[in-house]
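Novice: okay, sequence plus prediction incoming.
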Amino acid sequence: MGCDYNELVTTIKDIVLALCAIASTCIAYKALSTWNRQLKGQVEYELTRRILKCTYKLREEFNVVRNPDYSTEEQKIPEQLQIDSSFMSEKHKNFRHTVHIFEKRWNKVIEIKSELNTELLEAEALWGREIYNIFQLFFKLENELIENINKFLMSHNPSASEDLKKYTMQGSKNRFVLVYDPFSQTPNEFSVDVEEAIKNIVNYLQPYLKK
């Protein structure tokens, strides 16, 4: 009888130990799953923040590019540019200076766009190709902006013929893409489209900021 009792106690101990092991494993698994979710949420949060930061920076650089006024720094003609254009007429000098200004402005756009593309590659790995569909309108507006810059420069190029200028301007959209007035009470169509594109991006990414 005592032997049976001892065996019963041993069996119960084994069962209790097994149950404790199972419980410990479940708790550990649950803790690991929670940690993984928290880690994934943190990664998505930081990635979303970086994407939105790049998007807003691009919007500001769009505005800089579109600003018809040149800053004091931009109005200064670089020394090398003065030397290289010393043999040119005044019209050609002014045009080359204008090209230089737009090149510097657009280089900043390219720099930030490169940052954004890097972030979008990581976003694609996490969320799939849909992220690029969300940015489609925004990038389309970027392309329209550089297209208008090129047309603007061509229309002011003193070396271009009138026929070439007219041909270049054919099919241009009838809106003031290259005019940005931060004090205007009525933003133009292009500005409205940019804000709408950003709104769509924010709406898509908003859930990842709440995790």
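Specialist: Cool, got the structure.
Novice: OK, contacts around the spatially most central residue of the chain?
Specialist: When C-alpha atoms, centre = their mean is applied to the chain, the residue found nearest the centroid is T55 (3.6 Å). Applying C-beta atoms under 8 Å, 6 or more residues apart in numbering to T55 gives the contacts 116, 138, 198, 201. Where you see a C-beta, it was placed from the backbone N, CA and C, and this is true even at glycine.
Novice: mind listing what's buried in whichever strand or helix holds the third one?
Specialist: This points to I198. Secondary structure from DSSP states H and E places I198 in helix 189-205. Residues 190-191, 193-194, 197-198, 201, 204-205 are the ones in helix 189-205 that count as buried (16 or more other C-beta atoms under 10 Å).
Novice: out of the residues you listed, the closest to N107 would be?
Specialist: N107 has its nearest neighbour among the buried residues of helix 189-205 in V194, at 19.8 Å by C-beta to C-beta.
Novice: check the gap between that closest one and E119 for me.
Specialist: Separation of V194 from E119 (C-beta to C-beta, to the nearest Å) stands at 19 Å.
Novice: same question, N188
Specialist: From N188 to E119 the distance is 29 Å (C-beta to C-beta).
Novice: still on that earlier bit, so how far is N150 from the residue nearest to the centre of the chain?
Specialist: 24 Å.
Novice: still on that earlier bit, so which of N188 and E119 has more stuff around it?
Specialist: Using other C-beta atoms under 10 Å as the criterion, N188 and E119 rank with E119 on top: 19 against 15.
Novice: surely the more buried one and K57 touch.
Specialist: No. Applying C-beta atoms under 8 Å, one finds E119 not in contact with K57, separated by 11.6 Å.
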